[in-house]
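>>> quick one, fold the following:
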Amino acid sequence: MIFDSIKNKENYKEYGTLYQILCYLDSLAPGELPVPGTVLTPNEVFCNPVSLTSKPEEECIYEAHRRYADLHYIVRGKERIATADVKNLTETVPYDSDRDIAFYSGKKAGSYLLLPGDFMVCYPSDAHMVAVMEEEPGHIDKVVFKIKMGVHGG
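Sure, this is the predicted structure:
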């Protein structure tokens, strides 16, 4: 898992795919969301804008993927994302290979507050619970990148 700010994108120059994504995000105008289905590398790196309302942690659930890593980038609002190793959780909804997702329950290992300009990369071993509110429910606009595992520098 990686948790950082777009301001530090130069730290990732040696990580080709990740750096490409961060440069793309940094090229967007403040507050701008990409067009749904934006593709940076066909069949390997794509993203969608996501708008949601955060909610209490007890209403959220862990998810994890096997073929893709997720990069969550906050454009507006604030979102808490909890993480845990999938090996330490209980699978509650079996893996769906068509959607590349399974759902889990259990205790968090960490919790991170993402503000505009912050990003988090969750690899397949990183179950992540998204949309967790901080003090009260709030609107979030973010970009979620899907990065196919095995892509050089991802």
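>>> please make it C-alpha for all contacts and neighbour counts, starting now.
Will do.
>>> L18 belongs to a strand, doesn't it?
No: looking at L18 with DSSP: H, G, I helix; E, B strand; the rest coil, it is helix, so not inside a strand.
>>> distance check, it against M1.
13 Å (CA to CA, to the nearest Å).
>>> these two: which is more packed in?
L18 (21 against 17; other CA atoms under 10 Å).
>>> what strand or helix carries the residue positioned nearest the centre of the chain?
Nearest to the geometric centre of the chain sits H72, at 2.9 Å (CA atoms, centre = their mean). According to DSSP states H and E, H72 maps onto strand 68-76.
>>> any idea how far apart the tips of stretch 83-92 sit?
16 Å.
>>> how many neighbours does the residue lying closest to L33 once chain neighbours are set aside have?
Nearest residue to L33, sequence neighbours excluded (CA to CA, 6 or more residues apart in numbering): P49, at 6.0 Å. P49: 20 surrounding residues under other CA under 10 Å.
>>> and P49, how far from I140?
10 Å.
>>> now swap in Y95 and tell me
In terms of CA to CA, Y95 sits 27 Å off from I140.
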